[in-house]
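In: whatever this is, show me its structure:
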Amino acid sequence: MLTIEDIKTMLDMQQQAYRDAMEILMKDLSSRIRQVESSNSELIHSLQYTQKEVEDLKADKKTLIEEVTTLKKELCKKSEVEDKFVQLQSRVDYQEDYSRRNNLRFDGLDETLNETWEETQVKIQHLIRDKLEMGAVSTSPAASVMTVTPATTFAGGAASVGAVTGIGAVAVGEASAGVEDSQRGEGQEVAAQRKSKRKK
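Out: Numbering: from 1, shown residues only. Here you go, the predicted structure:
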């Protein structure tokens, strides 16, 4: 038969077992809470990092938009400059063509070494008088054009690249003999091309 002491002992044992079980449960619960807190901290850190990346991407996007806008403006300016260049080039070509509107080119004139403008002028005048039967004409110099061939080209315009010498150019205007330009009433420029006979 159980005595009071036995009952007290059994109750004490049950209480101790309960306390031990509760302690184990509390330790396990505390461990799980710490794990959750650690995971939560990692998630917060990851979220902060992601947020920073998003902000950086927004800043990069803004910078790219500004760069694209700047490039568009530069392209528009470049296009305008190219259009103006084309227009100016067209005007230059027109002016150059207009300045040569009365030019005449003569080929086949023999060239002498170190020939002067006056000598070239005489040849042109003789050519016009003898071949064209136009009588005496007045002449004036025209800008020379150099070529890369042995022949020397003369014209009233800019010179192209060439390694030739002894260049002279003439312009034929109205002469005392009555050479007339019925269309323009002004002189005709003559550009002479002479074959090079320089001795090596």
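In: what's the neighbour count on residue 30?
Out: Using other CB atoms under 10 Å, residue 30 has 10 other residues around it. All C-beta spots, glycine's among them, are computed from the backbone N, C-alpha and C.
In: cool, and residue 109?
Out: Residue 109 is flanked by 19 other residues according to other CB under 10 Å.
In: over to residue 112?
Out: 13.
In: now the one 3 residues further on
Out: Neighbour count for residue 115, taken as other CB under 10 Å: 19.
In: cool, residue 84 as well?
Out: The number of residues packed near residue 84 is 10, by other CB under 10 Å.
In: and it, backbone torsions?
Out: phi -60, psi -40 (degrees, to the nearest 10).
In: just residue 136 next, same as before
Out: phi -70, psi 140.
In: which residues of the protein fall in strands?
Out: 104-110, 139-141, 144-145, 153-154, 170-172, 190-195 (DSSP state E).
In: helices and strands around the longest one, which ones?
Out: It refers to strand 104-110. In terms of contacts (3 or more CB pairs under 8 Å, 6 or more residues apart in numbering; DSSP states H and E), strand 104-110 is packed against helix 117-130, strand 190-195.
In: in contact with residue 16, which residues?
Out: With CB atoms under 8 Å, 6 or more residues apart in numbering as the criterion, no residue contacts residue 16.
In: how near is it to residue 125?
Out: Applying CB to CB, to the nearest Å, the value for residue 16 to residue 125 is 142 Å.
In: likewise for residue 102?
Out: With CB to CB as the criterion, residue 102 and residue 125 are 17 Å apart.
In: wait, which of the helices and strands packed on strand 104-110 is closest to residue 74?
Out: Between residue 74 and the helices and strands packed on strand 104-110, the tightest spacing by CB to CB is seen for strand 190-195, at 44.0 Å.
In: burial count for residue 120?
Out: 24.
In: look up the pLDDT of it for me, please.
Out: In this prediction, residue 120 carries a pLDDT score of 80.
In: same thing with residue 30?
Out: 91.
In: repeat for residue 173
Out: 42.
In: equivalent analysis for residue 73, please.
Out: 92.
In: quick one, what contacts it?
Out: Here residue 73 is in contact with no residue (CB under 8 Å, 6+ apart).
In: mean confidence for stretch 97-114?
Out: pLDDT averaged over stretch 97-114 gives 75.
In: quick check: end-to-end length of that stretch?
Out: 30 Å (CA to CA, to the nearest Å).
In: now do the helices in the chain.
Out: Secondary structure of the chain (DSSP state H): helices located at 4-99, 117-130.
In: nearest to residue 109, of those?
Out: Shortest separation from residue 109 across the helices of the chain is recorded for helix 117-130, at 5.6 Å, computed as CB to CB.
In: burial measure for residue 126, as a count.
Out: Other residues lying near residue 126 total 11 when counted by other CB under 10 Å.
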